[in-house]
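**Student:** Below: sequence and its predicted model.
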Amino acid sequence: GSSVMLNGNVDDAAYLRLETSDGGYIYIKTETGTDEYLKSLENINADSTWNKDLSGFYEYEQPDISKLKGSALDASFVLDGPAGKYGFVQRDCDKFVCIDNGNKTPIQFWGTNIGGKGAFPDTHDEADMIADSIAAAGFNIVRIHNVDGVSRPNVFGNANSGKQLDDTQMEKLCYLLSALKQRGIYFFIDLTCGRQVYADDGLQDTQYLKNGFKGVCFYDEDIMSILEDYSEMYLSYVNPYTGLALKDDPAMACIDFNNENTLFSFDFDSIRGSKYYTELKSLYNKWLADKYGTRSALVSAWSTTNMGYMTTGLESGEDPSNGTVEITGDGQAVRDGKTVYYTTARQIDELKFIGEVTDKYFARRTQHLRNLGVKCALTGNTSYGDLQPEVWYANSKTDFVDTHLYWSHRSGGENLLDEGTRFD
């Protein structure tokens, strides 16, 4: 926000720095007052968990970037611009390297986000100010996030369609990307975040679909084709300020296929009754039939359990040869007002099936982008929430695993912490 509150007492610093025996540093920072609830001393003081004694506090104003540049607080000297000068970013075993004509230059990233409307600065001056602010913080990568979301104008402008990019919006985004690149700041593209379902998508049962095609994009052919068409349109767009399509720009370090989207924690109840549940159920039953052959073999395989209350394997009306085995999601269901808990063996098979569906989706999306000419590092989807190990495992088969933690997430909406300060 425009101000945060720091304790000004000598004995109460804004952060604590510890030096380790091998010369490293550990920083422990205090909370700031940028969240909506914490934007005034009154709100901070109202909660008994906060220090009610405000003596010694003072208001800290973030310096204007024009005054910050060249000062002791300007960390832009650590950047090595323009971004991409050493080649395309790729994975090399357990690290990132820039590769150019066979030469490998190791690179590490320290980054932030620009999301939603923040990715479309109204003027070039504002874009330059944002890029200067990010550079001054020492960041060398920015995640370009949620440009396809519900806030308009987005990458499609104000159109009720996702079939064409809006040139006015793309000009704003392209200038920002070129400003970042010039300063030595790479960018990380989230391909699909909050894209709405549009009438001209021609999809069925749209009332069951979530923004970003959560869950169903992993197996529905029509939706995968929509996402591939968008990826090709977006990544092939030529930036007028660099002369390069995004896919050909070595400043694009990473791509994430889907933001915070996984079948491993998907609410399958939300699509029951739709073609999307029927489609996934059909795939699951075929998978079971191929694995076990007969219903009796499946009954035997699912009869074992490690916990006394998890006693239900295959229910009496279920048979993979008839396509009647249900997907449980969370390992339980309600039958006649009572909760049925499924055996560990059944839950494990369901996770294995979801894992294979996910693997096929990631492989397809990877191959499509490589055929398009994309050279940078790729990952499938972000890990978030409870950080499920199965999500990590699925993404370990891509170039890297992406996890996200947020500071002051979405203060003021759309990450607009203050006018002109559009990153967090």
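**Tutor:** Great, that's in hand. Residues are numbered from 1 along each chain as shown.

**Student:** any idea how far Thr105 is from the residue of the chain positioned farthest from its centre?
**Tutor:** Residue distances from the centre of the chain (C-alpha atoms, centre = their mean) peak at Ser296, which lies 42.3 Å from the mean C-alpha position. Going from Ser296 to Thr105 by C-beta to C-beta, to the nearest Å gives 59 Å. Where you see a C-beta, it was placed from the backbone N, CA and C, and this is true even at glycine.

**Student:** thinking again about what came up before, list the contacts of the residue farthest from the centre of the chain.
**Tutor:** By C-beta atoms under 8 Å, 6 or more residues apart in numbering, the contact set of Ser296 is empty.

**Student:** and Asp256, what element?
**Tutor:** Using DSSP states H and E, Asp256 sits in strand 252-258.

**Student:** Next: Ser300.
**Tutor:** With DSSP H and E as the criterion, Ser300 is inside helix 295-301.

**Student:** In the protein, where is pLDDT below threshold?
**Tutor:** Along the chain, the parts satisfying pLDDT under 70 run over 1-20, 22-54, 60, 304-310, 384-387, 405-424.

**Student:** longest helix in it, by residue count?
**Tutor:** helix 344-372 (DSSP state H).

**Student:** Show me where the stretch 201-350 of the chain has its helices.
**Tutor:** In the stretch 201-350 of the chain, the helices defined using DSSP state H, counting those that start in this stretch lie at 221-235, 275-292, 295-301, 344-372.

**Student:** Could you tell me which residues within the host helix or strand of Leu173 count as buried?
**Tutor:** Following DSSP H and E, the helix or strand that holds Leu173 is helix 167-182. Of all the residues in helix 167-182, those buried under the rule 16 or more other C-beta atoms under 10 Å are 169-170, 172-182.

**Student:** Out of the residues you listed, which is nearest to Asp132?
**Tutor:** Top of the list for closeness to Asp132, among the buried residues of helix 167-182 and by C-beta to C-beta, is Ala179 at 8.4 Å.

**Student:** what sits against the closest one?
**Tutor:** His124, Ala127, Asp128, Ile130, Ala131.

**Student:** And the residue nearest to the third one when sequence neighbours are not counted, how far from Asp249?
**Tutor:** Just to be clear, that refers to Asp128. Leaving aside its sequence neighbours, Asp128 sits nearest to Ala179 (C-beta to C-beta, 6 or more residues apart in numbering; 5.5 Å). Distance, Ala179 to Asp249, by C-beta to C-beta: 13 Å.

**Student:** do Ala119 as well
**Tutor:** 16 Å.

**Student:** ok, those two, which is more surrounded?
**Tutor:** More crowded of Ala119 and Asp249, by other C-beta atoms under 10 Å: Ala119, with 27 against 24.

**Student:** quick one: the more buried one and Cys174 touch, right?
**Tutor:** No: using C-beta atoms under 8 Å, Ala119 is not in contact with Cys174, being 10.5 Å away.

**Student:** who's in contact with the most centrally placed residue in the chain?
**Tutor:** Central residue of the chain (C-alpha atoms, centre = their mean): Asn259, 3.4 Å from the mean position. The contact partners of Asn259, taken as C-beta under 8 Å, 6+ apart, are His145, Asn146, Asp190, Thr192, Cys193, Gly194, Gly212, Asn381, Thr382.

**Student:** Quick check: the residue found closest to it once you drop the neighbours it is linked to in the chain vs Thr311, distance?
**Tutor:** Distances taken as C-beta to C-beta, 6+ apart put Cys193 closest to Asn259, at 4.2 Å, once the chain neighbours are dropped. Distance, Cys193 to Thr311, by C-beta to C-beta: 41 Å.

**Student:** And Phe88, by the same measure?
**Tutor:** With C-beta to C-beta as the criterion, Phe88 and Thr311 are 54 Å apart.

**Student:** These two: who's more crowded?
**Tutor:** Shown here are Phe88 and Thr311; by other C-beta under 10 Å, Phe88 has more neighbours (19 against 12).

**Student:** Show the contacting residues for the residue lying closest to that one once chain neighbours are set aside.
**Tutor:** In this structure, Phe88 finds its nearest non-sequential neighbour in Lys375, 4.2 Å apart by C-beta to C-beta, 6+ apart. Residues counted as contacts of Lys375 (C-beta under 8 Å, 6+ apart) are Phe88, Gln90, Lys247, Pro250.
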